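Trainee: One predicted model, sequence on top.
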Amino acid sequence: MVVVHGGAGDVPEASRAAHAEGCRVAAAEGLRVLLETGSALEAAVRAVEVLEDDSKYNAGTGACLTEAGTIELDASVMEGTTMRGGAVCALPPFRNPIRIARAVLEEGRHVLYASEGASRFAIAHGFAPADPETMITAKARQRLDAVLAGRAERGWAGGTVGAVACDREGRVAAATSTGGMVGKRVGRVGDSPILGAGTFADDESGAASATGQGEAIHRFGLTRYACDLLRAGLTAQQAADVSIERFGARVSGSGGLIVVDGRGEIGIARNTATMSFGVAREGEDAGAGH
Ligand SMILES: NC(=O)C[C@H](N)C(=O)O
């Protein structure tokens, strides 16, 4: 089974159905890949890739902009069987950062590459840098302009994307990708590329992908916290609910979380107005909501 999220935040009423539908499509495609390859890791990566290519979300194409008007991308992936992980942060424009994070995981020498080094790694592994103009949307520019003009708050952008997957043998994986915050400082790195914060997977507990205020998620270690609750015996939904409750109470964090355990039970929680999600399970029609 595959669960995806399209970011915690406050999507306007008129756009909510479209955001949920994008998640349904991504979860269904992730499940298709899971059934074809048997790999939870590949399924989570593919689901996130679909969302990166959908300009509605703040990841890949359509990512939000730094205060300098540039794109800096964060992404990570982790699989739960041997707990391998790969991540890139402050990456200049490449179309699918999650694929580069996957390549980091496969190569295995390091876990996280930043900025120039991440770009070099990507090029050495056959990824082509993207023309920034093909990835920057008019909406992303408008949002930055509003922030710089003081018409909107400099906050997290919403629209981060993530996926968790569980195969028939109980192997789990998680993946997360984002442009971060609108008007962030150049070099600011959020929680999404940090294992244990934005992304975590361990077959002995489960997998989780987080979204929301990155600085708070960093400090709280949100995905690791949720997986530790699974290990302690909570159901996936209880683990998601308790994690978000504690995250709000302890560090005043706002955000959301998707969780899956090794039996394919899922948990979805948020303390924001919306968080689009999609769920696809073998033998059932894919569903979506907020
Ligand atoms: N939309 C998000 O979830 C933002 C992301 N967590 C970050 O702070 O970079």
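Mentor: Cool, got the structure.
Trainee: which residues of the stretch 151-290 of the chain fall in strands?
Mentor: With strands called from DSSP state E, counting those that start in this stretch, the stretch 151-290 of the chain shows them at 161-166, 172-178, 199-202, 206-212, 255-261, 266-270, 274-280, 287-289.
Trainee: Tell me which of these approaches H110 most closely.
Mentor: For those, proximity to H110 was assessed by C-beta to C-beta; strand 199-202 is nearest, at 16.1 Å. The C-beta positions use only the backbone N, C-alpha and C, and glycine is treated the same way.
Trainee: Output the contacting helices and strands for the closest one.
Mentor: If you count contacts as 3 or more C-beta pairs under 8 Å, 6 or more residues apart in numbering; DSSP states H and E, strand 199-202 packs onto strand 73-79, strand 85-91, strand 172-178, strand 206-212, helix 222-231.
Trainee: Near the ligand, which residues of the chain are found?
Mentor: 7, 58, 156-160, 178, 180-181, 190-192, 211-212, 214, 217 (C-beta under 6 Å from any ligand atom).
Trainee: mind putting the helices and strands packed on strand 199-202 in a markdown table, mean pLDDT, distance to E265 and mean neighbour count included?
Mentor: Below are the helices and strands packed on strand 199-202 laid out as a markdown table (pLDDT from 0 to 100; distance: least, C-beta to C-beta, whole Å; neighbours: other C-beta atoms under 10 Å):
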| stretch | mean pLDDT | distance to E265 | mean neighbour count |
| --- | --- | --- | --- |
| strand 73-79 | 99 | 19 | 32 |
| strand 85-91 | 99 | 23 | 27 |
| strand 172-178 | 98 | 11 | 34 |
| strand 206-212 | 98 | 8 | 33 |
| helix 222-231 | 98 | 9 | 25 |
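Trainee: okay if I get those as JSON lines plus distance to E284?
Mentor: Shown next, in JSON lines, are the helices and strands packed on strand 199-202 (distance: least, C-beta to C-beta, whole Å):
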{"stretch": "strand 73-79", "distance to E284": "24"}
{"stretch": "strand 85-91", "distance to E284": "30"}
{"stretch": "strand 172-178", "distance to E284": "19"}
{"stretch": "strand 206-212", "distance to E284": "20"}
{"stretch": "helix 222-231", "distance to E284": "23"}
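Trainee: next structured bit after the longest helix belonging to the chain?
Mentor: Ranked by residue count under DSSP state H, the longest helix found in the chain is helix 13-37. Beyond helix 13-37 on the C-terminal side, the first helix or strand identified by DSSP states H and E is helix 40-52.
Trainee: in the sheet, who's paired with the residue nearest to the spatial centre of the chain?
Mentor: The centre of the chain sits closest to T176, judged by C-alpha atoms, centre = their mean, with a distance of 2.4 Å. Per DSSP bridges, the residues bridged to T176 are S76, G162.
Trainee: Output stretch 259-270 as PDB, nothing but the C-alphas.
Mentor: Backbone C-alpha positions of stretch 259-270 (Å, rounded to 0.1, in the frame of the first residue of the first chain) are rendered in PDB as follows:
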ATOM      1  CA  VAL A 259       2.600   6.900   8.900                       C
ATOM      2  CA  VAL A 260       2.500   3.300   7.900                       C
ATOM      3  CA  ASP A 261       3.400   0.300   9.900                       C
ATOM      4  CA  GLY A 262       4.700  -3.100   8.700                       C
ATOM      5  CA  ARG A 263       1.200  -4.500   8.500                       C
ATOM      6  CA  GLY A 264       0.200  -1.800   6.100                       C
ATOM      7  CA  GLU A 265      -2.000   0.000   8.700                       C
ATOM      8  CA  ILE A 266      -1.900   3.800   8.200                       C
ATOM      9  CA  GLY A 267      -2.100   6.900  10.200                       C
ATOM     10  CA  ILE A 268      -2.800  10.500   9.000                       C
ATOM     11  CA  ALA A 269      -2.800  13.500  11.300                       C
ATOM     12  CA  ARG A 270      -2.400  17.300  11.000                       C
END
